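Participant: let me see the structure of the following:
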Amino acid sequence: MALEIEQQNGGASFAALKPQLMLPAGKADEAVQFYKTAFGAEELKRVSHPKRKADQELPLILCAELKIGSASLLVCDQTDDSSCAAGNDSGSGIVFRLETLDVEGALEKAVKAGAAKEGEIVEDDGACCGGVVGKVKDPFGVAWIIASASKAADVEA
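Facilitator: Residues are numbered from 1 along each chain as shown. Presented below is the predicted three-dimensional model:
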């Protein structure tokens, strides 16, 4: 569930927490359709994988944002080149996405608290809905994406 929070985190203020389901490649569209039918989800936006559109009848989904009630959920196809990969070997999982204006500060605070930084902060111009993205894994093995607010344009399926 997306929780709108106005909480100060030692200098980093978070605007949203959004669970992000990482599904085996090719399953995200099926999941989106299921959530629409089963739970009345409303699809707010969809970003398709730019390199794979020509190769497939249904392109892989980098990020589909759904609204169920007052909550948001991101649904994505896991790809080898996804900057928002779940960081596990099963090809599926859940990642939590925190949106903030101070990605670097939030990452530093998480690392100081015991999280392990995964990779570098990148400017992501499409995957995971765009913006500046960094990743950490908490001491319990849970993957977290800390990113600037989504800025990718809506793309119809």
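Participant: longest helix in this protein, by residue count?
Facilitator: Ranked by residue count and defined by DSSP state H, the top helix of the chain is helix 28-39.
Participant: pull the CA atoms of that one into PDB?
Facilitator: Extracted C-alpha coordinates of helix 28-39, given in PDB (Å, rounded to 0.1, in the frame of the first residue of the first chain):
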ATOM      1  CA  ALA A  28       3.200  -8.300 -15.100                       C
ATOM      2  CA  ASP A  29       0.500  -7.600 -17.700                       C
ATOM      3  CA  GLU A  30      -1.400 -10.700 -16.600                       C
ATOM      4  CA  ALA A  31      -1.100  -9.600 -13.000                       C
ATOM      5  CA  VAL A  32      -2.300  -6.100 -13.800                       C
ATOM      6  CA  GLN A  33      -5.400  -7.600 -15.500                       C
ATOM      7  CA  PHE A  34      -6.000  -9.800 -12.600                       C
ATOM      8  CA  TYR A  35      -5.800  -7.000 -10.000                       C
ATOM      9  CA  LYS A  36      -8.200  -4.900 -12.200                       C
ATOM     10  CA  THR A  37     -10.700  -7.800 -12.300                       C
ATOM     11  CA  ALA A  38     -10.300  -9.100  -8.800                       C
ATOM     12  CA  PHE A  39      -9.800  -5.900  -6.800                       C
END
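Participant: what packs against it?
Facilitator: Identification of packing neighbours for helix 28-39 by 3 or more Cβ pairs under 8 Å, 6 or more residues apart in numbering; DSSP states H and E yields strand 12-23, strand 42-48, strand 61-68, strand 71-77. All C-beta atoms are positioned from the backbone trio N, CA, C, and that covers glycine.
Participant: okay, those in a markdown table with distance to V103 next?
Facilitator: Shown next, in a markdown table, are the helices and strands packed on helix 28-39 (distance: least, Cβ to Cβ, whole Å):
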| stretch | distance to V103 |
| --- | --- |
| strand 12-23 | 8 |
| strand 42-48 | 19 |
| strand 61-68 | 17 |
| strand 71-77 | 17 |
